[in-house]
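> Any chance you could fold what I've pasted below:
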Amino acid sequence: MKNKFLYIPFLALGLGLVACEPEFKDEINAGTYTNGEADFTTYVAIGNSLTAGYMDGTVFRSGQNNSYPNILAKQFKLVGGGTFTQPSYEDDVNDLGGLILMGTPQTLTRMVINMSTGGPQNLAGTPTIEISKLQQKAYNNMGIPGAKSFHLLAAGYGNLQGLATKTANPYFVRHATTPTTTVLADAMSMNPTFFTNWIGSNDVLAYALSGGTGVDQKGNTNPATYGSDDITDPNVFAQVYATIMNTLTANGAKGVVATIPSVTSIPYFTTVKYNPLSVAALGETAGINTINQSLYGPMKAILTAVGAGDRIELLSTTSANPVIIVDKTLPNLSAQITAVASQVPELAPLAGYLGATFGQVRQANKNDLILLTASSAIGKTTTLPTGVPETLGVVGVTYPLGDALVLLPSEQQAITEATTAFNQIIRQIAASKNIPVADMNRIMNDLVAGLRNSDGQIYTADYFKGTGNLNTVMFSLDGVHPNSRGYAFVANEIIKVINQNYKARIPFVNVADYQGPKLVPSN
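Residues are numbered from 1 along each chain as shown. Predicted coordinates:
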């Protein structure tokens, strides 16, 4: 099997394409397959949801079959690889995904595209994957959705009783060999001869997914005090990662580790633009003039009076407009806004509300990242206090998007600094063990630019936009995790690293053979 890939960055303003030299040149066929210096007899994968095969918002039976470790294991079999096992999802009888605990749904079903409405939805039905149906078995795929680096070393992370106190992980609970074991201990019980280690994304991604509402714990070396959405301290990450790698390589196993992707490269943070409010959506010129007269004009005047007139400009009647957002880094002008508004007769009845609501509000700009979840909130009407006109409750237009739906520049900076620090640690520790690195950070950025396959198809990190890009997207409908096609791409990148560093000749998989978004006629 032969596959060639070209990385092609799109030029600014869509002026053209520039093709780089092919990354994969060597002819590999059945007569030249070899494992080289690697022993794939027992391959074990550790990591988080990216390793587990999580996609479209959950793990489901058919999707798990296309986890990148399972795809790799099939290729490894061609060069002496042994049996590869994954946690059982036989109880996912309807292929819905999602979890239940004692029959009560805990998470949502998988996302699909409802062709009758044209948008993503959770598949109708009730999950059948019962968390308390304990398998008590270690598997070759030890990817645990939601796990941060230090969770792999946490005793009790698979204890059913710990779910109530949120000290356990429901996915690990399903198959932990004992209530007190650790993820790493169960992985090592498989006696790996080869491993992949892609852990660390959640140490920063959870903060990003929360819109930066967590805490950057840099300087706090006690992860027991961290919240679920916090950024891990780099020293904690370094200590944990070193322990993981020391353990994985203790018996001479070889492997590949992967860097952490930058959040700015995934559709969850790039799909919703800062200025999604079209003239038509705002009611054309008449509607925009009404909003300007009733809110934007008065607020512009009030903010100008208190020295912050640059926070809001009048809505344009000729071009797309930005949403209004809460920016917690701004000085809180609630008291000043209330005081000025109370002196204007027509605003006086709303002075307290305007002060409380707009104290730290501004229009978004190109430096802000609007989360994918904001797409279902923008334009909806929120509940307002008694006496406040309903017209002031249109989210993103007359009522601000909350902090949890926006990544501010300062929050992005914290994410970038942590990602850079973690990736430096990964590279340093891997180098000390002579373990090669798959640079998933660079690879995800390449996907943003564009990836051309040997059949001429260009694949991207775009979010599903309709049938026009149905066959080109590599991310699933949750906007965070790859789809089956994306995991095939990840597998190829790891195979490339293996071939280059272990003198192996393992064939690549054909990315086009793997499915993109799931479409259903109705839901």
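> in the longest helix along the chain, what counts as buried?
Longest helix of the chain, by residue count under DSSP state H: helix 409-432. Across helix 409-432, burial judged by 16 or more other C-beta atoms under 10 Å covers 411-412, 414-415, 418-419, 421-423, 425-426, 429-430. To be clear about C-beta, it is placed using only N, CA and C from the backbone, and glycine gets the same treatment.
> Please apply the same query to stretch 199-219.
For stretch 199-219, a neighbour-count test (16+ other C-beta under 10 Å) marks 199-214, 216-218 as buried.
> and that stretch, how far apart are its ends?
21 Å (C-alpha to C-alpha, to the nearest Å).
> ok now that stretch, how far from the chain's centre?
11 Å (C-alpha atoms, centre = their mean, to the nearest Å).
> what about the closest residue in space to residue 283 that isn't next to it in sequence, how many residues close to it?
Nearest non-adjacent residue to residue 283, counting by C-beta to C-beta, 6 or more residues apart in numbering: residue 290, 7.3 Å away. Residue 290: 13 surrounding residues under other C-beta atoms under 10 Å.
> Which parts of the stretch 101-250 of the chain are helices?
Assigned by DSSP state H, counting those that start in this stretch, the helices in the stretch 101-250 of the chain fall at 170-175, 183-188, 202-209, 234-249.
> Format the ones you listed as TSV; extra columns: mean pLDDT and distance to residue 55.
As requested, these are exported to TSV (pLDDT from 0 to 100; distance: least, C-beta to C-beta, whole Å):
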stretch	mean pLDDT	distance to residue 55
helix 170-175	98	14
helix 183-188	98	21
helix 202-209	96	15
helix 234-249	98	25
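> sorry, back to before: quick one: contacts of the longest helix of the chain?
200, 203-204, 207-208, 211-212, 216, 218, 231-232, 234, 237-238, 241-242, 245, 257-260, 262-264, 329, 367-369, 407, 436-437, 441 (C-beta atoms under 8 Å, 6 or more residues apart in numbering).
> how much space between residue 48 and residue 54?
Relative to residue 54, residue 48 is positioned 8 Å away (C-beta to C-beta, to the nearest Å).
> hang on, I meant residue 67
8 Å.
> shared neighbours of these two, anything?
Residues touching both residue 67 and residue 54 (C-beta under 8 Å, 6+ apart) are residue 143.
> Report the contact partners of residue 248.
Taking C-beta under 8 Å, 6+ apart as the criterion, residue 248 is in contact with 46, 187-188, 192, 195, 197, 255.
> and residue 444, which of the three is it?
When classified by DSSP: H, G, I helix; E, B strand; the rest coil, residue 444 comes out as helix.
> switch to numbering from 5
With 5 as the first residue, the last one maps to residue 448.
> Tell me who's in contact with it.
By C-beta under 8 Å, 6+ apart, the residues touching residue 448 are 265-266, 269-270, 465.
> how about 6 Å then?
Taking C-beta atoms under 6 Å, 6 or more residues apart in numbering, we find residue 448 in contact with 265, 269.
> And the pLDDT at it?
Note for residue 448: predicted pLDDT of 78.
> which of the contacts of helix 413-436 count as buried?
Listed as buried from these are 204, 207-208, 211-212, 215-216, 220, 222, 235-236, 238, 241-242, 245, 249, 261-264, 266-268, 372-373, 411, 440-441, 445; burial here means 16+ other C-beta under 10 Å.
> which stretches of the chain have low pLDDT?
For the chain, residues meeting the criterion pLDDT under 70 lie at 5-34, 453, 455-460.
> Break it down into its domains, please.
Following automatic domain parsing, the chain resolves into domains at 28-92+141-273+415-454+466-524, 288-369+373-411.
> thinking again about what came up before, and which of the contacts of residue 252 is nearest residue 127?
For these, the closest approach to residue 127 (C-beta to C-beta) belongs to residue 50, at 29.2 Å.
> Make sure I have this right: residue 45 is in a strand.
No. Read with three-state DSSP, residue 45 is coil and lies in no strand.
> can you give me the helices for the stretch 255-404 of the chain?
Using DSSP H, counting those that start in this stretch, helices in the stretch 255-404 of the chain cover 288-295, 301-309, 338-345, 355-362.
> Make a markdown table out of those helices and add distance to residue 156.
Below are the helices of the stretch 255-404 of the chain laid out as a markdown table (distance: least, C-beta to C-beta, whole Å):
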| stretch | distance to residue 156 |
| --- | --- |
| helix 288-295 | 51 |
| helix 301-309 | 49 |
| helix 338-345 | 44 |
| helix 355-362 | 43 |
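> so which of those helices gets nearest residue 136?
Closest to residue 136 of those is helix 355-362 (C-beta to C-beta; 44.5 Å).
> buried residues in that closest one?
Buried-residue list, helix 355-362, by 16+ other C-beta under 10 Å: 355-359, 361-362.
> Straight-line length of stretch 251-268, end to end?
32 Å.
> helix, strand or coil for the residue most central in space within the chain?
Centroid-nearest residue in the chain, with C-alpha atoms, centre = their mean: residue 484, separated by 2.8 Å. Secondary structure, three-state DSSP: residue 484 is coil.
> What sits closest to it if chain neighbours are left out?
Nearest one to residue 484, counting by C-beta to C-beta, 6+ apart, is residue 272 at 4.9 Å.
> same thing with residue 403?
Among residues not flanking residue 403 along the chain, residue 397 sits closest, at 5.0 Å (C-beta to C-beta, 6+ apart).
> Now for the one you found: which residues touch it?
Taking C-beta under 6 Å, 6+ apart, we find residue 397 in contact with 385-386, 388, 403.
> Quick check on these: which are buried?
Buried, going by 16+ other C-beta under 10 Å: 388, 403, out of those.
> Can you pick out the ones from the contacts of residue 397 that are in strands?
Nothing among those maps onto strands, per DSSP state E.
> can I get the contacts of residue 397 in TSV with distance to residue 306?
Converted to TSV, the contacts of residue 397 look like this (distance: C-beta to C-beta, whole Å):
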residue	distance to residue 306
385	23
386	21
388	19
403	17
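> Can you tell me which of the contacts of residue 397 is closest to residue 312?
The nearest member of the contacts of residue 397 to residue 312, counting by C-beta to C-beta, is residue 403 at 18.8 Å.
> just to revisit the earlier point, okay, and which of the contacts of residue 252 map to strands?
50, 199, 201, 259.
> So for the third one, what's the nearest residue that isn't a sequence neighbour?
Spatial nearest neighbour of residue 201, excluding adjacent residues (C-beta to C-beta, 6+ apart): residue 261 at 4.5 Å.
> Quick check, that neighbour in contact with residue 199.
No. Look at residue 261 against residue 199 with C-beta atoms under 6 Å: they stay out of range, at 8.7 Å.
> before we move on, the earlier item: show the buried residues in the ones in strands among the contacts of residue 252.
Among the ones in strands among the contacts of residue 252, those buried by neighbour count (16+ other C-beta under 10 Å) are 50, 199, 201, 259.
> Mind putting those residues into a markdown table with distance to residue 461?
A markdown table is the format used below for those (distance: C-beta to C-beta, whole Å):
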| residue | distance to residue 461 |
| --- | --- |
| 50 | 32 |
| 199 | 32 |
| 201 | 31 |
| 259 | 31 |
